[in-house]
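A.B. asks: When you get a sec, could you give me coordinates for this:
(2 chains)
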Amino acid sequence: MLRIRNLKCFYGGIMAIKGVSLSVRPGEMVCLIGANGAGKSTLLAAVSGLLPTWKGEIDFKDRSLKGLDPPAIVARGISLVPEGRLIFPPLSVMDNLHLGAYTLHRQGRRGEADEILDSVLALFPVLAERRHQAAGTLSGGEQQMLAIGRALMAKPALLLLDEPSMGLAPMLVEKILAALVLLRDQGLTLLLVEQNARAALGIADRGYVFETGTIVLEGQAGDLLDDVEVKRAYLGKDYAGFTEGRP
Amino acid sequence: MPSAEFDHRTQRQLERLQSTLNRAFRSVPFHQDRLKCNGIHPQQVETIADLADMPFMTRRHLGENYPYGLFAVPLRDIVRIHTAPGTTLNPSVSGYTAHDLRQWTAMVAESLAAAGVGNEDILQISLDPGLNDWGRDYKLGAEALGASVIPNSLLSIEKQLMVLRDYRTTTLVTTPAYAAQIADHVRDLRIAPDRLALSTLILVGEPVPGERRRHLEDSLGVTTWLHYGLSEVPGPALAYECRQHEGLHVHDEHFLVEIIDPDTGRWVGPGTEGELVLTSLTTRAMPLIRFRTGDRVRRLEGPCACGNPTERVAWLTGRTDDLMVLRGVKIDRAQVLAQITSALAFAPDLYRVFVNTETNRRFLEVWIGVDDRIFSDEIKMLEKRMVDIGQRLYECLGVPVTVRLKERDTFDAIEA
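C.D. replies: The predicted structure follows:
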């Protein structure tokens, strides 16, 4: 569904992603793990059109995303749940959700938007309870649910999530992850960036391990979960001091 | 390739190739130095074809980086260390992480399952000590399928046959050479093949010409299945036959196949035979990058009738290097000379090393020309010399060796 080949992204003169290839198949939940600054979020930014320039290929459903702006990418079926939620605090829960259906509304698919709204409220009943409350007054977990709900309102085929568990209490993390599993089981395709490698690998199908802008490992999530090398990569420790056993 | 032709397999190979190169470059000074010397960075490999710019690895590098120089993970991550006869004075050492072991077990199991091996089978492994590591891998793979495994052990051929008959072995994993020896023995003892439960013969270690294969099938009343592996590094069953017996399926999600012209190092055209070059895609402990196997293969085009979409190669007899293959073990003449030199404390003027194929009991025969330095008027001293050399070679190669002292005239006669 999503196929990336040799992606290179730059911030100023610095190459943040140095030629990364990865793929997500329909119905899969794939997670990207790795230390801070390894390039995971940059990759999501490139896929969702938030980076002005990148090199390489990003194809979604066999069509290139090159040169598309974020609204066009949302219209293709990709929604991003950004890091730190980025909801609109003064607006009500409902208004935040309606904003997520902006592209559907523009395409005159209002009926569909209403149906999706019902399913989002069914997925996160707490949002229905607080529908008229200002989003800024929600708890961290509720705000994350709102951010996911808002992204779902665009009826995506692929949902990108950047650090959905960040800053949440363990119980809330579990709730959010359970919702993602439910979405995957309903047929949604997900690409998840997480610092919480253990939690992410616990629910994902496959994973990629990032290290300083490159991918150093790929595999079934279950295999990566127990991998000592993953633990090291996730902790951001490098091999500079590794000389044991060398001749 | 147009993006409409989304090729999942190629994408997966590319992803794994790139992550393998990144790991090797990061963690193995040998790989890093070689790439830097050639002005290459892993990021430049954007397609499988770009791999062609990378330098080759050969068996020599395994010896030069003895013992752990090619490991890409710290020793604390290694759970098993294998030693195989190398082609230099140093043996070849390979390591496995727990993940690698699981992967090999799964690969061997899949290869055996393609030959119909399952939990109803009694599987016997008979390999020379030089292939001991394969014995362990086959044991794990067969156990994973639930087969009853009789592990590799140093038994005489009589005892092997006794086990084969009395334990009602259904599947035998061995080399073509040893299988032929067993077939001879079955004939000599006048055992009717249908008195044996044996139905599946997995042949490993060397390619086997059609007629030798049919002879084995007829004389033992079995179906044969050829497996391809590397004895020095990671292991057996990299490629295996399916029920169609039309070439060997490569585990191409774990190994990338290139076929090169051994002289130019360039890729050969479709259908042309050449040297098999392998790159590991998922191996953690010891990645291989463009490893020249010396084995001759030809790529088989088109899908296999069995439905398995993996790449297939025909494994051809003969080699692209001058290594001898004896009972699945690869032997370098220079290595043999080095061992003889070390045993004698000097290099013999005249010597000859060859595989004796006069009978089905194939063995390494070494002739050494007698001169003043070797000669002794005590027979027992001469015998001791021969025994020393033979033992040293057996220890290093793990195949039967016979050493003969020959008069210089014998060599002259051969020369003439």
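A.B. asks: Low-confidence stretches in chain B?
C.D. replies: For chain B, the stretches flagged by pLDDT under 70 are B:1-6, B:416.
A.B. asks: So which residues of it form helices?
C.D. replies: B:8-27, B:29-37, B:59-64, B:98-114, B:132-144, B:157-166, B:176-188, B:210-220, B:333-344, B:379-397, B:408-415 (DSSP state H).
A.B. asks: send the alpha carbons of the shortest one over as CSV?
C.D. replies: Coordinates of the C-alpha atoms in helix B:59-64 are reproduced here as CSV (Å, rounded to 0.1, in the frame of the first residue of the first chain):
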residue,chain,number,x,y,z
ARG,B,59,36.9,-17.8,1.6
ARG,B,60,40.3,-16.1,2.1
HIS,B,61,38.6,-13.3,4.0
LEU,B,62,37.1,-15.9,6.5
GLY,B,63,40.6,-17.1,7.3
GLU,B,64,42.1,-13.7,7.5
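A.B. asks: and chain A, which of the helices of chain B is closest to it?
C.D. replies: Checking the helices of chain B against chain A by C-beta to the nearest C-beta gives helix B:8-27 as the closest, at 4.7 Å. In short, each C-beta sits where N, CA and C put it, glycine included.
A.B. asks: what's the spacing between that closest one and its chain's center?
C.D. replies: In terms of C-alpha atoms, centre = their mean, to the nearest Å, the centre of helix B:8-27 is set 25 Å apart from its chain centre.
A.B. asks: what would the helices of chain B look like in JSON lines with distance to chain A?
C.D. replies: Output for the helices of chain B, formatted as JSON lines (distance: least, C-beta to the nearest C-beta, whole Å):
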{"stretch": "helix B:8-27", "distance to chain A": "5"}
{"stretch": "helix B:29-37", "distance to chain A": "8"}
{"stretch": "helix B:59-64", "distance to chain A": "10"}
{"stretch": "helix B:98-114", "distance to chain A": "6"}
{"stretch": "helix B:132-144", "distance to chain A": "16"}
{"stretch": "helix B:157-166", "distance to chain A": "37"}
{"stretch": "helix B:176-188", "distance to chain A": "35"}
{"stretch": "helix B:210-220", "distance to chain A": "37"}
{"stretch": "helix B:333-344", "distance to chain A": "20"}
{"stretch": "helix B:379-397", "distance to chain A": "20"}
{"stretch": "helix B:408-415", "distance to chain A": "40"}
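A.B. asks: Kindly reformat those helices as TSV and extend each row with mean neighbour count.
C.D. replies: Conversion of the helices of chain B to TSV gives the following (neighbours: other C-beta atoms under 10 Å in any protein chain shown):
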stretch	mean neighbour count
helix B:8-27	21
helix B:29-37	15
helix B:59-64	19
helix B:98-114	21
helix B:132-144	22
helix B:157-166	16
helix B:176-188	20
helix B:210-220	15
helix B:333-344	17
helix B:379-397	16
helix B:408-415	12
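A.B. asks: So which of those helices is nearest B:A84?
C.D. replies: Comparison of these against B:A84 by C-beta to C-beta identifies helix B:132-144 as nearest, at 5.6 Å.
A.B. asks: Okay, angle between that closest one and helix B:98-114 too, please.
C.D. replies: If you take axes from the mean of the first three to the mean of the last three C-alpha atoms, to 10 degrees, helix B:132-144 sits at 70 degrees to helix B:98-114.
A.B. asks: May I ask which helix or strand encompasses the residue positioned nearest the centre of chain A?
C.D. replies: Taking C-alpha atoms, centre = their mean, the centroid of chain A lies closest to A:L161, which sits 1.8 Å from it. Per DSSP states H and E, A:L161 falls inside strand A:158-162.
A.B. asks: What residues does B:L198 make contact with?
C.D. replies: When contacts are counted by C-beta atoms under 8 Å, 6 or more residues apart in numbering or on different chains, B:L198 is found next to B:164, B:169-172, B:220-222.
A.B. asks: Kindly indicate which of these lies nearest chain A.
C.D. replies: The shortest approach to chain A among the contacts of B:L198 belongs to B:T171, at 29.0 Å (C-beta to the nearest C-beta).
A.B. asks: for the closest one, what are its contacts?
C.D. replies: Neighbour list for B:T171: B:112, B:115, B:117, B:121-124, B:142, B:147, B:198-202 [criterion: C-beta under 8 Å, 6+ apart].
A.B. asks: Apply 10 Å and report the result again.
C.D. replies: Each residue near B:T171 by C-beta atoms under 10 Å, 6 or more residues apart in numbering or on different chains is listed here: B:112, B:115-118, B:121-125, B:138, B:142, B:147-150, B:197-202, B:222, B:225.
A.B. asks: Which strand residues bridge B:H82?
C.D. replies: B:S94 (DSSP bridges).
A.B. asks: So it versus B:A237, what's the distance?
C.D. replies: Distance, B:H82 to B:A237, using C-beta to C-beta, to the nearest Å: 15 Å.
A.B. asks: Would you mind telling me which of the two has the busier surroundings?
C.D. replies: The neighbour comparison of B:H82 against B:A237 (other C-beta atoms under 10 Å in any protein chain shown) goes to B:A237, with 25 against 21.
A.B. asks: Skipping its backbone neighbours, what lies nearest the more buried one in space?
C.D. replies: Using C-beta to C-beta, 6 or more residues apart in numbering or on different chains and skipping the chain neighbours, the partner closest in space to B:A237 is B:S111 (3.9 Å).
A.B. asks: Settle this for me: the one you found is touching B:N308, isn't it.
C.D. replies: No. In this structure, B:S111 is not within contact of B:N308 by C-beta atoms under 10 Å, at 11.3 Å.
A.B. asks: what residues are shared contacts of those two?
C.D. replies: B:242, B:249.
A.B. asks: In chain A, mark out all the helices, start to finish.
C.D. replies: Going by DSSP H, chain A shows helices at A:40-47, A:70-76, A:93-100, A:102-106, A:110-123, A:125-129, A:140-152, A:170-185, A:197-203, A:221-225, A:228-235.
A.B. asks: Select from those the stretch with the lowest mean pLDDT.
C.D. replies: By mean pLDDT, the lowest-scoring of the helices of chain A turns out to be helix A:228-235, with a mean of 67.
A.B. asks: List the buried residues in the longest strand along chain B.
C.D. replies: In chain B, with assignment by DSSP state E, the single longest strand is strand B:291-300. Across strand B:291-300, burial judged by 16 or more other C-beta atoms under 10 Å in any protein chain shown covers B:291-300.
A.B. asks: which of the contacts of B:T171 are buried?
C.D. replies: The neighbour-count test (16+ other C-beta under 10 Å) marks B:112, B:115, B:117, B:121-125, B:138, B:142, B:147-150, B:198, B:200-202, B:222, B:225 as buried among the contacts of B:T171.
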